[in-house]
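Visitor: With the sequence up front, the predicted model follows.
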Amino acid sequence: MAAFPDDFQDQLTLLMRLRRDVRRFRSDPVEEALVTHCLDAFRLAPSVGLSETWRLVRVQTPAARAAALANYKQANAAALAGYGGDEAADYSALKLSGMEEAPVHLAVFSDESSDKGRGLGAQSMPEMRRYSVVCAITLMWLRARAKGLGIGWVSILDAQALARRLDVPDDWVLVGYLCLGWPEAEGETPELETLGWEERRRDLPIETR
């Protein structure tokens, strides 16, 4: 397998460094052709046994978006209750969702009952189906960032309640709720690090056995 030119490798590294979890979006709409271009990254993604278990739901109606936002707010209040003192103050100051501003919302599920791939690689590790969906999301994330778009992955949710509200099959498991849109700003440093919540590791935890 041939290597890519050095300048391409440098640009790929830059793309990965500038891929941020975006919480602050402009309200400008995203052209449908551009949304489709980003979603087409799923067609390029690897999956265990070629199972392609990802299932996407556009959360588009005002009622569905309001329900998703209410779900987030309830889960966020419960998460805040788990902190105390200065940590609670720090947590409450964080902006952890761009759901109100982002023009495009996507709920990405894994179809755990799909027989595509005939169980190859998933019989001993069924969680590989969901990991495959994560890989596909990552490819979409990079493609979106290459176009100047940002993605915010909302994980503070009651996943089962949201799945019921979106009326998806019982065997679909929510992997990611994604907000897609034009970011207010860009940078190499994660916002949580900028705000002092946590620092990115500088070392790589590798052990030898």
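Guide: It's in.
Visitor: Which residue ranges of this structure form strands?
Guide: 54-58, 104-111, 150-154, 172-181 (DSSP state E).
Visitor: Just put these in CSV and tack on mean pLDDT.
Guide: What follows is the strands of the chain, written out as CSV (pLDDT from 0 to 100):
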stretch, mean pLDDT
strand 54-58, 98
strand 104-111, 98
strand 150-154, 98
strand 172-181, 98
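Visitor: Which among those is found nearest to residue 89?
Guide: With Cβ to Cβ as the measure, strand 150-154 is the member of the strands of the chain nearest residue 89 (22.1 Å). Glycine gets a C-beta too; all of them are placed from N, C-alpha and C.
Visitor: Distance of the residue nearest to the spatial centre of the chain relative to residue 81?
Guide: Geometric centre of the chain, nearest residue: residue 153, 3.6 Å, by Cα atoms, centre = their mean. To residue 81, residue 153 is 22 Å away according to Cβ to Cβ, to the nearest Å.
Visitor: Adding distance to residue 140, write the strands of the chain out as CSV.
Guide: Below are these laid out as CSV (distance: least, Cβ to Cβ, whole Å):
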stretch, distance to residue 140
strand 54-58, 10
strand 104-111, 9
strand 150-154, 7
strand 172-181, 8
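Visitor: if we can go back for a sec, thought the residue nearest to the centre of the chain was touching residue 21?
Guide: Yes: checked against Cβ atoms under 8 Å, the pair residue 153 and residue 21 is within contact range at 5.9 Å.
Visitor: sorry, back to before: bridged to the residue nearest to the centre of the chain, which residues?
Guide: residue 178 (DSSP bridges).
Visitor: just for the protein, where's the confidence low?
Guide: Across the chain, nothing is flagged by pLDDT under 70.
Visitor: Surely residue 133 touches residue 178?
Guide: No: in this structure, residue 133 is not within contact of residue 178 by Cβ under 8 Å, at 11.4 Å.
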